[in-house]
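Colleague: have a look; sequence and predicted model below, questions after that.
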Amino acid sequence: MLKFSINKEEVIFSKTFEIAKSIDESILKLQDLVKKVLEGDRGSLSADLVKIKAIYERVAMTREEVVSLLYGEAFLPDFKESMMMLNQALYNTIKAVKDSARAISSRRPDGELLKALGEGLQTYLSTILEAGEKLVTMVSLMKSDMREAIRVGKEIQLLERNGDDIKDVLMEKLYEAEKSTDIISLLQLKDVVIFMDDILDYMEEASLSIETLYATLKA
């Protein structure tokens, strides 16, 4: 078991944990936003999108603080590089959440097509939400039990593969609807699916960066 006691490292782990919690919070809000879209309730979508953007901005600021600490203190190069990789992956995750929210809230695709994809989108979001919860757990374990953090990371990687299967089904439904709906709606919903796929991809990258960190610390 690897433990860290240096104060500056504690600060970095604490701020990285804040970012992971913010990502989980943003995914919950994305799930609520998509539910409203599917139900035809567009009245508060702009306000919901602003809330997600606010979380994104908060994460961006925290990430900058982490970067300043990493480059302003005498950390081992491998530690610095691995933590930079992790925080970049987390930042990309929250950006993908923001992009997903913007894509589905600012456009008005064909209602029938949206209805046809509704169940799949909700299943996709449930997978993303589960991965987000595990992301928080994984990051919280980093400073006390890296092996357990890696085990949780493996679960995130499995969820990412499950998400790929859901994405494939959604894309297949989109292509099947090509002759019965307008091309703009198809492209709009394709954007939504791709951005959601990015969320899981970047969470997987975060889990892999923790494996890299552990490997460098053992070396």
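Modeller: In hand now; what should we look at? Numbering: from 1, shown residues only.

Colleague: helices or strands up against the helix or strand encompassing Ser68?
Modeller: Using DSSP states H and E, the element containing Ser68 is helix 45-72. In this structure, helix 45-72 makes packing contacts with helix 7-39, helix 77-105, judged by 3 or more Cβ pairs under 8 Å, 6 or more residues apart in numbering; DSSP states H and E. Where you see a C-beta, it was placed from the backbone N, CA and C, and this is true even at glycine.

Colleague: list the buried ones in that helix?
Modeller: Across helix 45-72, burial judged by 16 or more other Cβ atoms under 10 Å covers 45, 48-49, 51-52, 55-56, 58-59, 62-63, 66-67, 69-70.

Colleague: compute the inter-axis angle for the single longest helix found in the chain and helix 77-105.
Modeller: Of all the segments of type helix in the chain, defined by DSSP state H, the longest one is helix 183-218. Put simply, helix 183-218 runs at 160 degrees to helix 77-105, going by axes from the mean of the first three to the mean of the last three Cα atoms, to 10 degrees.

Colleague: by how many degrees do helix 183-218 and helix 7-39 diverge?
Modeller: Using the same axes, to 10 degrees, the direction of helix 183-218 lies 160 degrees away from that of helix 7-39.

Colleague: flag every buried residue along helix 183-218.
Modeller: By neighbour count, with 16+ other Cβ under 10 Å as the criterion, the buried positions of helix 183-218 are 185-186, 188-193, 195-211, 213-214.

Colleague: in the chain, what helix or strand scores lowest on average pLDDT?
Modeller: In the chain, the helix or strand scored least confidently by mean pLDDT, DSSP states H and E is helix 183-218, which has a mean of 89.

Colleague: what number of residues lie near Gly40?
Modeller: By the other Cβ atoms under 10 Å criterion, the neighbourhood of Gly40 contains 10 residues.

Colleague: quick one: Pro109 and Phe195, what's the gap?
Modeller: In this structure, Pro109 and Phe195 are 14 Å apart, going by Cβ to Cβ, to the nearest Å.

Colleague: residue ranges with poor pLDDT in this structure?
Modeller: Low-confidence regions of the chain, defined by pLDDT under 70, span residues 1-6, 218-219.

Colleague: hmm, try it at 50
Modeller: Applying pLDDT under 50 to the chain flags residues 1-6.

Colleague: pretty sure Arg147 contacts Tyr214?
Modeller: Yes. Using Cβ atoms under 8 Å as the test, Arg147 is close enough to Tyr214 to be in contact (7.5 Å).

Colleague: list the contacts of the nearest residue to Arg63 once chain neighbours are set aside.
Modeller: Using Cβ to Cβ, 6 or more residues apart in numbering and skipping residues adjacent in sequence, the residue nearest Arg63 is Tyr91, 5.0 Å away. Listed by Cβ atoms under 8 Å, 6 or more residues apart in numbering, the contact partners of Tyr91 are 19, 59-60, 63.
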